[in-house]
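Participant: Provided below are the primary sequence and the corresponding predicted coordinates.
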Amino acid sequence: MFVAFICLFITERDQLDFTTLPFLNFGGVLLYIFWIALVVDMLYCLIPNKRIAVGARKHFAPPAAVSFAFITGENDEPSVMSKLNKGAIKSALAWVILNVIIFFVLSHFDLLIPEVAVLLMLFYSVADLICVLFLCPFQLLFMRNKCCTTCRIHNWDFLMMCTPMILFPHIYSFSLLFIAIAVLLRWEIAFRKRPFQFIEQTNQDLNCSSCSDKFCLIRKPLKEV
């Protein structure tokens with residue numbers, strides 16, 4: 001789909017302008033398909049289910065394998081939480097700065113338009129897969145978590161993908177942003193209410209021995225520091 005969007009941008013750029021929807025052409029159909037796919041993906045993260053990765057469903061009801069040592073104080077809760085939150089804050093700041101730079105450069109070349117925003121959103125979607133399977137700069141530079149399963153900001157990815165939509169008010173863009181923000185709030189509220197679900201030491205489902213995702217077949221787990 002990303003390749004198709006690039007080809008359309010080169011040949012018939014106007015078809016990717018979501019601010020002129022609805023229209024029936026190849027670009028419009030692709031925009032609708034991508035919107036539906038992204039919305040369904042986000043709804044999966046709002047409704048408790050087992051069809052998504054373990055790391056993406058940590059915020060749902062506590063699994064049977066949760067250890068309550070975290071609640072009873074057997075683990076060093078302040079230091080664990082401090083590490084996770086510092087990494088999350090650094091990641092958020094880095095993302096904001098990166099996008100401000102990108103938007104400034106695009107504006108300088110008169111490319112800050114809806115069509116490019118769509119391409120950028122697709123690029124972020126592809127980059128998210130690359131982060132999961134091969135290399136994640138947020139993990140290496142800021143979070144220092146072992147893998148995606150234990151990642152503190154796992155479900156931030158949808159809002160990150162939809163960031164370019166902030167620039168162009170439209171039902172297409174703002175509907176994606178609204179649901180992405182709902183996913184983020186659902187995640188953050190659960191993290192503050194039940195942090196023990198997000199920690200490997202207190203949630204056995206996050207241990208390597210219990211993991212069913214096996215993303216580390218390609219990228220080896222990072223040694224946490």
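Facilitator: Great, that's in hand.
Participant: Please name every helix or strand in contact with whichever helix or strand residue 106 is part of.
Facilitator: Per DSSP states H and E: residue 106 is located in helix 77-108. If you count contacts as 3 or more C-beta pairs under 8 Å, 6 or more residues apart in numbering; DSSP states H and E, helix 77-108 packs onto no helix or strand. The way it works is simple: take the backbone N, C-alpha and C, and place the C-beta from them, glycine included.
Participant: any weak-confidence spans in this structure?
Facilitator: By pLDDT under 70, the weakly predicted segments of the chain are 62-78, 223-225.
Participant: residues making contact with stretch 170-185?
Facilitator: 18-19, 21, 31, 35, 38-39, 42-43, 45-46, 114, 117, 155-156, 158-159, 161-162, 165-166 (C-beta atoms under 8 Å, 6 or more residues apart in numbering).
Participant: again, only this time at 10 Å
Facilitator: For stretch 170-185, contacts defined as C-beta atoms under 10 Å, 6 or more residues apart in numbering pick out 17-22, 31-32, 34-35, 38-39, 41-46, 56, 59, 114, 117-118, 121, 153, 155-169.
Participant: Helices - which of those residues land there?
Facilitator: Within those, residues falling in helices by DSSP state H are 31-32, 34-35, 38-39, 41-44, 114, 117-118, 121, 157-161.
Participant: Can you go through those and name the buried ones?
Facilitator: For those, a neighbour count by 16 or more other C-beta atoms under 10 Å gives the buried set as 31, 34-35, 38, 41-42, 114, 117-118, 121, 157-161.
Participant: and which of those residues is nearest residue 130?
Facilitator: residue 157 (11.7 Å; C-beta to C-beta).
Participant: how far does stretch 41-48 stretch from start to finish?
Facilitator: 13 Å (C-alpha to C-alpha, to the nearest Å).
Participant: circling back to that earlier point, of all the residues in the helix holding residue 106, which ones are buried?
Facilitator: 77, 80-81, 83-84, 87-88, 91-92, 95, 99, 103, 106.
Participant: what residue lies at the spatial centre of this protein?
Facilitator: residue 157 (0.9 Å; C-alpha atoms, centre = their mean).
Participant: distance of that residue from residue 210?
Facilitator: Residue 157 sits 23 Å away from residue 210 when distances are taken as C-beta to C-beta, to the nearest Å.
Participant: Over to residue 6?
Facilitator: Remark: distance between residue 6 and residue 210 (C-beta to C-beta) = 40 Å.
Participant: Also residue 11?
Facilitator: Taking C-beta to C-beta, one finds residue 11 at 49 Å from residue 210.
Participant: Give me the more crowded residue out of these two.
Facilitator: Neighbour totals were compared for residue 11 and residue 210, and residue 210 leads with 14 against 9 (other C-beta atoms under 10 Å).
Participant: where does that one fall, helix, sheet strand or coil?
Facilitator: At residue 210 the chain is in coil, as set by DSSP: H, G, I helix; E, B strand; the rest coil.
Participant: doesn't residue 149 make contact with it?
Facilitator: Yes: Residue 210 is in contact with residue 149 according to C-beta atoms under 10 Å; the separation is 9.5 Å.
Participant: any shared contact partners between the two?
Facilitator: Common neighbours of residue 210 and residue 149 (C-beta under 10 Å, 6+ apart) are 54, 200, 203.
Participant: Okay, and which of those map to helices?
Facilitator: Reading helices off the shared contacts of residue 210 and residue 149, I find no matches (DSSP H).
Participant: how about these in a markdown table, adding distance to residue 136?
Facilitator: Formatted as a markdown table, the shared contacts of residue 210 and residue 149 follow (distance: C-beta to C-beta, whole Å):
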| residue | distance to residue 136 |
| --- | --- |
| 54 | 16 |
| 200 | 17 |
| 203 | 21 |
